[in-house]
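[1] model the following, please.
(2 chains)
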Amino acid sequence: MKILVTAKRVTDPYSKIVLKPDRSGIQTDNVEFKMNPFCEIAVEEALRLVDAAGGGEIIVVAVGDEEATKEVRTALAMGADRGYLIEADESKLDSDIVARLLVALVAKESPDLVMLGKQAIDGDNNQVAQLTAEYLGWPQATFAYKVELTDGGKGAKVQREVDGGVETVQVSLPAVVTTDLRLNEPRYASLPGIMKAKKKPLETLTPADLGVDTALKVETVGFEPPPSRAAGVKVKTVDELIEKLATEAKAI
Amino acid sequence: MADILVLAEQQLGKLAKASLHAIGAAKILAEKTGGTFEIAVAGQGVAGVAAQLAGFGAAGVVALEHDALAQYTAQAYAQAFGNYAKASGARFVVTAATSIGKDCAPRIAARLGAGMAADIISIEGAAGALVYRRPMWAGNVIAHVKVNTPTVVVSVRPTDFPAAEATGTASLVQSQAASVDAGSLRMQYVGLEKVESSRPSLTDASVVVSGGRGLKEPANFALVEKLADTLGGAVGASRAVVDSGWVPNDWQVGQTGKVVAPKLYIAVGISGAIQHLAGMKGSRTIVAINKDADAPIFQVADYGLVADLFGVVPELTDKLAARKG
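    Residues are numbered from 1 along each chain as shown, chains lettered A, B, ... in the order given. The predicted model follows:
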């Protein structure tokens, strides 16, 4: 079982995100960066699937600036075997470019599975996996809640979080899977894991090395803060609350 | 042929409500570009759904039929919709950002060589210079994006676009065989474990009552459910209680769960993590009930009640029930 898994570097999901005064982007002073939490779940699941398959190899990839090497190393410390950093200026990427970079890497590595987080918590685009799957002509199972290998590792049965319930699909490999919140609890990297990760192979490539055109299909041309919500009033009793809801807010 | 193609969603012959909002978005787009829109629905035996779509002012409605479309799968639906969009020459493809829309739309974009603006909340600017507004960082930032390709795919957040209303005219409805290469499909639908509920769905409900860690234990969630039922609302939850396994995952309101915008949102025992606020800040009226006066949820609440929820929630439920008579 050979799995290619992504490890995107994003802002810490628990940090407060505020625009710069000139609205050119977000303020990054005092903001920590870490691996996209959904990618952590993907790395964890890749480790478990390789175990379940009785062995294999996990290749982790991050697309971003040199700093994103840290996220690749984190995944290697969790147990992935080799890594790639595809060095690119994050502000000059869109989902389609990232998908085509992954497609090029798939051509080079021929994995059985490509696993990604269901979305990155910064851009919230939720596109890369699906684009990658279509370009490859592969089946996909997004929003995975449970993944089981079937047919001696030639297929996977995936339960997916969908509106109104949990759907089950059967895919034959190779396939693309994206991971949702309840799939697993990612492990922490152990100290020996971190030490070992330093010696694991990590190759840096550029989009040009992979022959990928970086013209943007989708371009972010500006930002604005969300509409602010002023704090309202405190009410003292249930009766006062009902009165306000009925007469002022007309919500009941 | 119409310049705008709306992809409507159906399951087992039932039209998804969210698709009416996608049609609403297409109408806005049509006004801006001076174009017309067409609606496509895919499946097996979906002539009935197509007929339901005839009254919304579309230039045409097409039912794309194929055995391989009997149940939704990403590969088959992307082929059916993508191939039809290509043949029709549509410049804009519009879908709702539901779990099916999110799953399928990027694949359609890939087939069309189109750029895709995902989960948009409005369409700005004039024809030729359209800008799509979409939330990033769980709604903490609104981005303005433009799409540089001749064909554009958008998925729209249903709560931010008006549902299309019947126009009293009837569009021409046609059925045709969908273009699907059945031999290339390598995935099958196996089944759906439905969360059965007599309550409205979270994203459709006009009232949502959500519970958090302040409820102390799973059994106490009944207080939240009873209040929701009294108001005819849906039940939501914070990520903390979903992670703890108290309630099903699809009750989760927040960045990693559902984004809701009801007329009335009542947060019970929820502190108001950024993650949660991102999923409910768009609600028209927000009520927070929490015993901690410093809880961040009060910063977004129109009405805050600092009190022990175990006392006031049953009281509120009883008094609201009495009002209804």
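
[2] any stretches of chain B with poor pLDDT?
    Applying pLDDT under 70 to chain B flags the ranges B:1.

[3] would you map the strands across the stretch 51-200 of chain A?
    A:57-64, A:82-87, A:113-117, A:140-150, A:155-162, A:165-172, A:175-179 (DSSP state E, counting those that start in this stretch).

[4] looking at the stretch 1-150 of chain B, what residue ends up closest to chain A?
    residue B:115 (3.2 Å; CB to the nearest CB). Quick note: C-beta positions are derived from backbone N, CA and C, even for glycine.

[5] show the contacting residues for that residue.
    Counting by CB atoms under 8 Å, 6 or more residues apart in numbering or on different chains, residue B:115 touches A:94, A:96, A:216, A:217, A:218, B:109, B:147, B:148, B:149, B:152, B:153.

[6] I'd like to know how many residues surround the second one.
    Yep, that's residue A:96 we're talking about. By other CB atoms under 10 Å in any protein chain shown, the residues close to residue A:96 number 29.

[7] excluding covalently adjacent residues, which one is nearest to it?
    Leaving aside its sequence neighbours, residue A:96 sits nearest to residue A:217 (CB to CB, 6 or more residues apart in numbering or on different chains; 4.8 Å).

[8] how many neighbours does the one you found have?
    17.

[9] give me the element residue B:232 is part of.
    Under DSSP states H and E, no helix or strand contains residue B:232.

[10] run through the residues that contact it.
    Residue B:232 sits next to B:200, B:206, B:207 when contact means CB under 8 Å, 6+ apart.

[11] and if we set it to 7 Å?
    Going by CB atoms under 7 Å, 6 or more residues apart in numbering or on different chains, residue B:232 touches residue B:207.

[12] from residue B:321, how far off is it?
    The gap separating residue B:232 from residue B:321 is 12 Å, by CB to CB, to the nearest Å.

[13] got it, and residue A:37?
    Here the criterion is CB to CB. By it, residue A:37 lies 41 Å from residue B:321.

[14] the two: which is more packed in?
    residue A:37 (19 against 14).

[15] my guess is residue B:2 contacts residue B:37. True?
    Yes - with contact defined as CB atoms under 7 Å, residue B:2 counts as touching residue B:37 (5.2 Å).

[16] overlap in contacts, these two.
    residue B:59.

[17] look at residue A:14 and report its pLDDT.
    Residue A:14 is assigned 76 on the pLDDT scale.

[18] ok, and the closest non-adjacent residue to it?
    residue B:274 (7.3 Å).

[19] burial check on the one you found, number of neighbours?
    Using other CB under 10 Å, the number of residues around residue B:274 comes to 18.

[20] near chain B, which residues of the stretch 1-150 of chain A?
    A:13, A:16-17, A:19, A:26, A:96, A:121-127, A:130-131, A:133-135, A:137, A:139-140, A:142-143 (CB under 7 Å from any CB of the partner chain).

[21] which of those fall within helices?
    Secondary structure assignment by DSSP state H places A:96, A:130, A:131, A:133, A:134, A:135 of the residues of the stretch 1-150 of chain A next to chain B in helices.

[22] just the buried members of these?
    A:96, A:130, A:131, A:133, A:134, A:135 (16 or more other CB atoms under 10 Å in any protein chain shown).

[23] and the residue nearest to the spatial centre of chain A, what does it touch?
    Centroid-nearest residue in chain A: residue A:117, 3.1 Å away (criterion: CA atoms, centre = their mean). Residue A:117 makes contacts with A:6, A:36, A:38, A:39, A:41, A:42, A:178, A:179, as judged by CB under 7 Å, 6+ apart.

[24] mind doing that once more with 6 Å?
    A:36, A:38, A:39, A:42, A:179 (CB atoms under 6 Å, 6 or more residues apart in numbering or on different chains).

[25] from those, pick the one nearest residue A:67.
    Proximity of the contacts of residue A:117 to residue A:67 (CB to CB) peaks at residue A:36, which lies at 14.0 Å.

[26] and the buried ones among the ones in helices among the residues of the stretch 1-150 of chain A next to chain B, which two are furthest apart?
    A:96 and A:133, at 13.1 Å, using CB to CB across these.

[27] okay, residue B:2 and residue B:37: which has more neighbours?
    Counted by other CB under 10 Å, residue B:2 and residue B:37 do not tie: residue B:37 has more neighbours, with 26 against 20.

[28] and the nearest residue to that one once chain neighbours are set aside, bridged to which residues?
    Using CB to CB, 6+ apart and skipping the chain neighbours, the partner closest in space to residue B:37 is residue B:4 (3.8 Å). Per DSSP bridges, the residues bridged to residue B:4 are residue B:37, residue B:92.
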